[in-house]
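Novice: Quick check, what structure comes out for this input:
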Amino acid sequence: MVVYTSRNRTDASPKRAAEPHAEFFQRIAGPFWDQVRDVINEWWSHLPDQARPGVRSRLLDGNSDTNVFSALWELYLHEMLLGSGCTVEIEQPIGTRGKNPDFLVTRDGREFIVEAIWTAQRLGDTVSNSLPPQLADAIDGVPSPNFVVACELVRTGSATPSQKQLKAGLTRWLASLDPDQVIAQYERKVPLPRHTWLEAGWCLTFEAIPRSQGRRGDPTSRTIGVFPAKPWLDDESNRVFDAVKRKGGKYGDLALPFIVAVGHAAVFPEDKDSETALYGTSVECAHGSIPTFGRMPDGYWTAAYDRPHGRVSGVLIVDNPAPWTWTKNIPVLWQSPDPSSLPAPILPTWATAQLVDDQVERRPAALPAHAALGLPKQWPVGDAFPRRHESSSS
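Specialist: Alright, predicted model coming up:
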């Protein structure tokens, strides 16, 4: 048994808004995605027999993208630990609360616990969330070889409007524009062309952004390129804080170093957000003419009201972990400053951050992440969505 069976796949189009990730990974054709499926199958085969059915079920869950990506996150962690010379046991009965953490790890005779959590950014009222997937797919299906569009939802109606009329209006508008002329006008401070679509109580606005010369001419490329940057992004530091707090006290006393591994899926991940979540907000205090720096008691380890947080020895964070970033994004181990914490082991592929006198000291990883994964740095090889041109008749 495998996760993804070998079969003839012919649909190489990008993921559709209404399409679950489980179905996308099964459906998408091309050498890039064959590599992804092959590695997932291989890593899945490295799991103990009793763990495989549950992970496979989550990877193929068409009702929950969270299940898919949390399973991928655990596969990545398991493989990274194995590739770092660790022995890994899954869901062993450890702790004082009768629950089983994800990984009991042994390296160089030393045991420690790794507990995985994958957390995705909640986009609140973004267009991608509030626009029905059918409309998003309709917009992406508009032929637009010369432009991408920035799309903003101004007002929603009570019923889904006609996709046919939406596509027809967008197609006419985009076809009337000359990308080189738009670029020339923009360089003279003329705003980009805008189009407003009104129907059945809905109001959407579009802004046409010319594709670069080298990216034009592909009628199958996606049309939506930008959703507006607005204050809809949830607080990154709160999400990291909540994820670690949720896992940190789950198992009671473990009597071993305990690492919470956070797969941090975010639109704009910032180390500063992780720093604030774990070590507290950095503040500058003036005492006479000499400024000093301190920390607010609002971080996971610096919260004055909750000393049991010392059970967590470290928090391992990887930003936006996914098959196409596994070999590139750097794991960072944020070490506990709490004197009651057991020291967290540091693997060679982990960069580290440590709080020293209220300042964060960072050290780079000794080895690149791909070294432990057994993959080349530039993996998967090739283009995820190779350009396809309309054939010209002779």
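Novice: which stretches of the stretch 51-200 of the chain form strands?
Specialist: With strands called from DSSP state E, counting those that start in this stretch, the stretch 51-200 of the chain shows them at 87-90, 103-107, 110-120, 147-155, 194-199.
Novice: Residue 303 is nearest to which of those?
Specialist: Closest to residue 303 of the strands of the stretch 51-200 of the chain, according to Cβ to Cβ: strand 110-120, at 19.0 Å. All C-beta atoms are positioned from the backbone trio N, CA, C, and that covers glycine.
Novice: So residue 242, which state does it fall into?
Specialist: Three-state assignment for residue 242 (DSSP: H, G, I helix; E, B strand; the rest coil): helix.
Novice: Could you check what's spatially nearest to it, not counting adjacent residues?
Specialist: Leaving out its chain neighbours, the residue that sits closest to residue 242 by Cβ to Cβ, 6 or more residues apart in numbering is residue 119, at 7.8 Å.
Novice: Report how many residues lie close to the one you found.
Specialist: For residue 119, the tally of surrounding residues (other Cβ atoms under 10 Å) stands at 20.
Novice: Also residue 171?
Specialist: Using other Cβ under 10 Å, residue 171 has 15 neighbouring residues.
Novice: picking that back up, quick check: bridge partners of the residue nearest to residue 242?
Specialist: Taking DSSP bridges as the rule, residue 119 bridges to residue 264.
Novice: Now for it: which residues touch it?
Specialist: Residues near residue 119 by Cβ atoms under 8 Å, 6 or more residues apart in numbering: 239-240, 242-243, 262-265.
Novice: so how far is residue 175 from the nearest residue to residue 216 once chain neighbours are set aside?
Specialist: The shortest distance from residue 216 to any non-neighbouring residue, by Cβ to Cβ, 6+ apart, is to residue 146 (5.3 Å). From residue 146 across to residue 175, the span is 9 Å (Cβ to Cβ, to the nearest Å).
Novice: for this protein, what helix or strand is lowest in average pLDDT?
Specialist: None of the helices or strands of the chain scores lower by mean pLDDT, DSSP states H and E than helix 127-130, at a mean of 46.
Novice: Name the SS class of the closest residue to residue 381 other than its chain neighbours, please.
Specialist: Once flanking residues are discounted, residue 381 sits nearest to residue 35: 6.6 Å by Cβ to Cβ, 6+ apart. Three-state call for residue 35 (three-state DSSP): helix.
Novice: and residue 323, helix, strand or coil?
Specialist: Under three-state DSSP, residue 323 falls in the coil class.
Novice: Distance check, it against residue 12.
Specialist: Counting by Cβ to Cβ, the separation of residue 323 from residue 12 is 16 Å.
Novice: Assumed residue 22 was part of a helix.
Specialist: Yes. Assessed by three-state DSSP, residue 22 belongs to a helix.
Novice: Just the pLDDT at it, thanks.
Specialist: On pLDDT, residue 22 comes in at 97.
Novice: you'd agree it is up against residue 68?
Specialist: Yes. Proximity of residue 22 to residue 68 meets the contact threshold set by Cβ atoms under 8 Å, at 5.2 Å.
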